[in-house]
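> the sequence and its predicted three-dimensional model are supplied below.
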Amino acid sequence: MSESISLDPTSLAALPIFPLPNCVLLPGGLLPLHVFEPRYRELTRDCLAGNHLMGIARLRPGFPKAALHDPGSRPSIYERFGVGKIICSEELPDGRFALLLRGVARVELEHELGVTGRMYRSVSARLLPDATVDPVDARDHHRRLVALCDRLAELLDQGGSQLRELVRSSELPGQCADAVAAALIMDADERQDLLETCCPLQRLQRTLGHVSHLVCELAPCESSVN
């Protein structure tokens, strides 16, 4: 069994990117953005006039701080990054934007485009399809993740009902793992590692381990609960 998200290949041939430090958008995750720089206002307007898609590319460590606000700078990014779709937008009176993106795919950089006549960066990317795994094994891990998230939900002071809904929001095991990881895993390196993992079973196992750890923190246990 393999899982994949269908995107028009032409949308990845000239994909605008929004490079950000320590920001990793996983498929199924939500990302609020406050857009104020002129180049990213232009990016937002172009996205809203087109397919509403943009790449959220994590900057590699060591970039000069000044590069964040230098339109001519092109600091290095991780080659694998998430694609988000704008699902809510508001243009403020002064021209800034408040956006909400939903992660829809993991992609890999093919090459960065040269002069495009726009202030922001654009790339050519390819979709990273999920690897084929044993469907029985994947369904078993999926059921365990649902059960473990239900247990975690019982221990939370708030957000338990939303977690129960989230873990049931996708029938596809790998997509379920992505959605749960996007909501519960905050460490940028862990998120980047999950983003780069094309095997749904591995993502399920890692997400199970994280949720298990959270359960044991809230209700101390002697052994793994996953």
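Received it, and whenever you're ready, just let me know what you need.

> use CA for all of it now, contacts and neighbours both
Fine.

> residue boundaries of the helices in this structure?
10-13, 38-49, 135-155, 160-167, 173-184, 188-195, 200-218 (DSSP state H).

> in a markdown table: those helices, plus mean pLDDT and distance to R80.
Output for the helices of the chain, formatted as a markdown table (pLDDT from 0 to 100; distance: least, CA to CA, whole Å):
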| stretch | mean pLDDT | distance to R80 |
| --- | --- | --- |
| helix 10-13 | 91 | 13 |
| helix 38-49 | 96 | 20 |
| helix 135-155 | 96 | 24 |
| helix 160-167 | 96 | 25 |
| helix 173-184 | 96 | 15 |
| helix 188-195 | 98 | 7 |
| helix 200-218 | 96 | 16 |
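
> highest mean neighbour count out of those helices?
Stretch with highest mean neighbour count among the helices of the chain: helix 173-184 (a mean of 23; mean count of other CA atoms under 10 Å).

> mind listing residues that contact that one?
By CA atoms under 8 Å, 6 or more residues apart in numbering, the residues outside helix 173-184 that reach it are 3, 25-30, 138-139, 141-142, 145, 163, 166-170, 191, 199-201, 203-204, 207, 211.

> how about P9, what does it touch?
P9 neighbours (CA under 8 Å, 6+ apart): R126.

> can you give me phi and psi for it?
phi -50, psi -30 (degrees, to the nearest 10).

> L30 versus that one, what's the distance?
Computed as CA to CA, to the nearest Å, the P9 to L30 distance reads 23 Å.

> just the pLDDT for I5.
With respect to pLDDT, I5 has a value of 62.

> begin at 18, not 1, for the rest of this chat.
Let's use 18 as the start, then, which means that last one is I22.

> give me the longest strand you can find in the protein.
Counting by DSSP state E, the longest strand found in the chain is strand 114-129.
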